[in-house]
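**Student:** Just a sequence and a predicted model for now, questions to come.
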Amino acid sequence: MILKNLQLNNFLSHENTNLDFYENQKLLIDGNSGSGKSSLVDALIWVLYGRGRVDNRAIIKIGKKYAKVIASLLDDDGNEYKIERSVTVDGKHELFVLIKEKNKKSFVPVKVNGIRETQEHIEKKIVHSSYLLFINSIVYPQDNPENFLKQTATKRKEIILEIINASDYDDYYKNTKKFIEQYEIKEAEITAVINSLSESIINIEEIKTNVVRMENEIKDVSFVIEKKTQELGVLLDKETEYKIVSSKVDGYNEEIVKKNKEYIVISKEIMLMESKNGDESIEQIKGRIKDNKEFILKHENESMLASEWDRKMIVLMESKPVDMQFTKEKENINAQLISEIKVDVDMCEELNKPCPVIQKRKDKAMLELTARLTEVQKKEEKYIKDLAEYSRQTEEFGNRPTIDKEKLLSARNAIQADEKIIEERGSNVTLIPVKKSVLYVLANEMKELNKKLTSAQKDIVGIEKLQVSISEMHSAIKTLDNKYIELSNSISVNKNILIRAEENSKKLEDADLKKKDITKEIEGLKLLKDAFGNNGIKAIVIDYVIPKLEEKINSILEKISEFRVCIDTQKKGIGEGTIVEGLFIDIINDKGETLSYDSYSGGERIKINVAIFEALASLSNIKFRIMDEAFFALDQDSSDKFLEVMREVRKNVSQFFCISHLQNIKDFFEDKITVIKVDGKSSIKDKQ
């Protein structure tokens with residue numbers, strides 16, 4: 001991970017500062033004291049962690065409403081991250097992270113929500129460093145108040161654990177514990193299945209015995225059913241013979257009934273024909289038809305006259321004058337006239353007579369009402385005259401011609417009846433002899449059928465007794481069939497129970513094997529959980545890392561001092577046999593004496609801090625270092641020696657940035673920028 005760009009807007013003394021970085025860069029940040037050099041370091045720490053030497057609102061440049069810092073970083077895979085943090089004078093805090101993946105053209109937001117989740121994403125997924133680790137390894141700020149050596153032994157150990165990604169082991173521990181719980185649930189479930197299967201396979205031998213017994217019993221029932229079915233077949237054959245004869249009897253009866261009905265119908269027809277001839281002659285009937293037709297013709301002419309009368313009366317009624325309620329309207333106008341007459345006209349003080357304006361308005365109203373009354377009276381007179389004319393015309397119309405519709409309909413019906421009588425009398429003369437001959441034939445046929453019926457009835461004597469025997473046989477066979485079905489079902493059920501029992505036996509074996517596998521998995525996961533615990537892999541890794549860290553620190557100290565450090569993760573406690581866990585650092589001088597950190601001078605402390613600082617940084621994947629006045633208390637000889645350390649550091653990182661006032665340190669760097677401050681505003685003067 002390297003730095004690519006840093007932008008500051010209204011951050012401390014920087015109003016608008018933009019600084020680009022590149023790979024394999026050694027950069028000196030130069031400038032006078034108070035020019036704003038350290039603000040660049042503070043800005044990087046703040047944009048990544050939201051923490052600084054002052055609270056958020058205090059970092060806003062005086063007179064501005066907000067402060068914002070944007071940092072661009074490039075990881076080893078070629079992905080570029082843009083982290084933007086801002087704060088307003090009202091305390092509104094915002095944090096955004098964008099990513100542009102390798103070979104992609106544009107930035108997109110990372111898929112996290114909320115400042116807390118975004119901050120966690122920056123520390124764990126991008127920088128891979130907490131705040132404490134960052135300011136004690138990658139970036140060493142001026143007068144670092146949270147120096148690694150000033151931390152508690154427990155806190156120092158936590159930083160080392162973070163370097164080795166111990167939080168991953170904690171996650172593995174939690175996940176393993178969760179898997180154990182899941183497998184224990186599965187183990188309980190499979191145990192319940194085993195218990196259930198064990199209960200389902202008891203009494204198998206008893207069920208097998210019952211199946212054999214029922215199979216023998218069903219054979220006996222099957223034999224009896226077969227025997228009775230044969231007997232039933234004989235009875236049914238006999239019944240079939242009876243049914244053939246019985247069907248003949250039914251056929252004869254149906255024919256006799258049919259022909260008898262036909263005989264009765266024809267007899268009635270002959271009687272009706274003979275009765276319709278009557279005593280009245282054809283000529284008399286024709287004369288009656290003629291009279292009725294003349295009557296109809298006369299009444300149809302009267303009907304036309306009545307229709308014409310109705311049409312003219314409708315036209316006359318449409319011309320009837322409409323009553324417009326003239327009396328009511330006159331009463332209304334008269335009431336208004338009386339009201340106007342009663343109105344008093346006030347005296348005019350100037351003229352000493354009734355007010356002419358009011359009098360004029362009253363006179364005008366009286367004239368208008370009088371005119372309206374005259375008009376209404378004229379309309380009323382015209383209405384009375386028109387109504388009299390309408391009454392006269394109505395009287396001239398006379399009464400409407402009357403028509404007796406019932407007599408007219410009766411005459412038409414009488415004509416139809418008489419014409420039908422004339423038609424029927426003509427056909428009856430020839431039909432009556434024919435129908436009588438048909439009656440003779442029918443009588444002979446019914447006589448023959450009765451003879452055949454008597455003969456067939458003698459042949460079906462005993463059919464009722466046979467049908468009783470057949471019914472009893474059917475009932476017996478049905479009872480046996482039900483018994484057979486009952487036994488078959490019982491055998492099927494018990495065989496299914498045996499099949500399921502055999503299946504359950506196999507399932508029980510499989511379940512036992514599965515339970516053993518689950519138990520084995522649980523045992524393995526418990527071992528894995530212990531491995532991810534505090535006394536497992538973490539302890540092994542720490543035991544491996546601590547000597548390496550100690551060796552790295554002492555290799556750096558060897559170049560710049562005459563003392564060394566000794567690191568341990570355990571220390572005897574106050575009580576007897578008690579052990580305290582942590583990261584304990586002992587500093588041993590050139591005489592072999594173990595002294596505390598506070599016993600050393602400022603320059604010696606810097607040497608110790610820088611050695612630890614770089615040793616911690618060497619365990620990181622971040623390829624840049626920033627030192628802010630890390631050498632201010634070093635003498636000339638020590639700073640010269642420290643240049644050797646810086647050369648070694650430079651070999652291991654891509655970017656190395658430094659703020660220093662020491663000339664020999666300044667001369668070490670290839671690139672230089674100068675920070676100046678004018679009227680309280682910091683900016684980059686030039687880049688060399």
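**Tutor:** Looks like it arrived, so ask away. Residues are numbered from 1 along each chain as shown.

**Student:** Going by C-alpha atoms from here, please, whenever you check contacts or count neighbours.
**Tutor:** Will do.

**Student:** Residue ranges of each domain in this protein, please.
**Tutor:** With domains defined by automatic domain parsing, the chain comprises 1-128+624-635+651-688, 323-386.

**Student:** What's the first helix or strand after the helix or strand of the chain with the lowest mean pLDDT?
**Tutor:** Across the helices and strands of the chain, mean confidence by mean pLDDT, DSSP states H and E is lowest for helix 636-652: a mean of 69. Using DSSP states H and E, the helix or strand that directly follows helix 636-652 along the chain is strand 655-659.

**Student:** Tell me if I'm right that residue 51 and residue 45 touch.
**Tutor:** Yes. At 6.8 Å, residue 51 counts as touching residue 45 under the criterion of CA atoms under 8 Å.

**Student:** okay, and for the stretch 201-350 of the chain, where does confidence drop off?
**Tutor:** For the stretch 201-350 of the chain, the stretches with pLDDT under 70 are 201-203, 273-282.

**Student:** can the domains of the chain go into CSV with extra columns for distance to residue 139?
**Tutor:** Listed next are the domains of the chain as CSV, based on distance: least, CA to CA, whole Å:
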stretch, distance to residue 139
domain 1-128+624-635+651-688, 5
domain 323-386, 106
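
**Student:** Nearest to residue 401, out of those domains?
**Tutor:** Set against residue 401 and scored by CA to CA, the domains of the chain come closest in domain 323-386, at 27.3 Å.

**Student:** still on that earlier bit, okay, residue 51 and residue 45: which has more neighbours?
**Tutor:** Counted by other CA atoms under 10 Å, residue 51 and residue 45 do not tie: residue 45 has more neighbours, with 20 against 15.

**Student:** residues touching the more buried one, list them.
**Tutor:** 51, 52 (CA atoms under 8 Å, 6 or more residues apart in numbering).

**Student:** in what helix or strand does it lie?
**Tutor:** Going by DSSP H and E, residue 45 is in helix 37-49.

**Student:** Same check on residue 498?
**Tutor:** Residue 498 belongs to helix 463-532, assigned by DSSP H and E.

**Student:** which helices and strands sit right next to that helix?
**Tutor:** helix 166-200, helix 204-276 (3 or more CA pairs under 8 Å, 6 or more residues apart in numbering; DSSP states H and E).

**Student:** show me where pLDDT drops low in the stretch 401-550 of the chain?
**Tutor:** Filtered on pLDDT under 70, the stretch 401-550 of the chain yields the residue ranges 421-430, 432, 461-462, 532, 534-535, 537-542.

**Student:** rewinding a little: of all the helices and strands packed on helix 463-532, which lies closest to residue 619?
**Tutor:** Among the helices and strands packed on helix 463-532, if distance is taken as CA to CA, the winner is helix 166-200, at 13.7 Å.

**Student:** what about residue 592, which SS state?
**Tutor:** Classification of residue 592 by DSSP: H, G, I helix; E, B strand; the rest coil places it in coil.

**Student:** hmm, back to that, and the domains of the chain: which comes nearest residue 227?
**Tutor:** Closest among those, using CA to CA: domain 1-128+624-635+651-688, at 85.3 Å.

**Student:** the inter-axis angle of the helix or strand following the helix holding residue 45 versus helix 37-49?
**Tutor:** The helix or strand immediately downstream of helix 37-49 is strand 66-74, counting by DSSP H and E. If you take axes from the mean of the first three to the mean of the last three CA atoms, to 10 degrees, strand 66-74 sits at 80 degrees to helix 37-49.

**Student:** Just checking: what are the partner strands of strand 66-74?
**Tutor:** Take DSSP bridges as the rule and strand 66-74 pairs in its sheet with strand 2-11 (antiparallel), strand 80-88 (antiparallel).

**Student:** for the helix or strand following the shortest one, what is the average pLDDT?
**Tutor:** From strand 80-88 onward toward the C-terminus, using DSSP H and E, the following helix or strand is strand 93-100. The average pLDDT within strand 93-100 is 94.

**Student:** what helices or strands is whichever helix or strand comes after strand 93-100 leaning on?
**Tutor:** Next along the chain after strand 93-100, taking DSSP H and E as the criterion, comes strand 108-109. On a contact count with 3+ CA pairs under 8 Å, 6+ apart, strand 108-109 meets strand 93-100.

**Student:** most packed of the helices and strands packed on helix 463-532?
**Tutor:** helix 166-200 (a mean of 16; mean count of other CA atoms under 10 Å).

**Student:** and that one, how far from the chain's centre?
**Tutor:** In terms of CA atoms, centre = their mean, to the nearest Å, the centre of helix 166-200 is found 33 Å from the chain centre.

**Student:** and if you look at stretch 231-238?
**Tutor:** In terms of CA atoms, centre = their mean, the centre of stretch 231-238 is set 71 Å apart from its chain centre.

**Student:** Let's verify residue 669: helix, strand, or coil?
**Tutor:** Applying three-state DSSP: residue 669 is coil.

**Student:** who does the closest residue to it other than its chain neighbours bridge with?
**Tutor:** Nearest residue to residue 669, sequence neighbours excluded (CA to CA, 6 or more residues apart in numbering): residue 26, at 5.5 Å. Beta bridges link residue 26 to residue 656 when assigned by DSSP bridges.

**Student:** Name all residues that make contact with residue 26.
**Tutor:** 655, 656, 657, 669, 670, 671.

**Student:** how about residue 373, what does it touch?
**Tutor:** 330, 333, 334.

**Student:** nope, residue 140 is what I was after
**Tutor:** Contacts here follow CA under 8 Å, 6+ apart; on that basis residue 140 touches 613, 626, 627, 628, 630.
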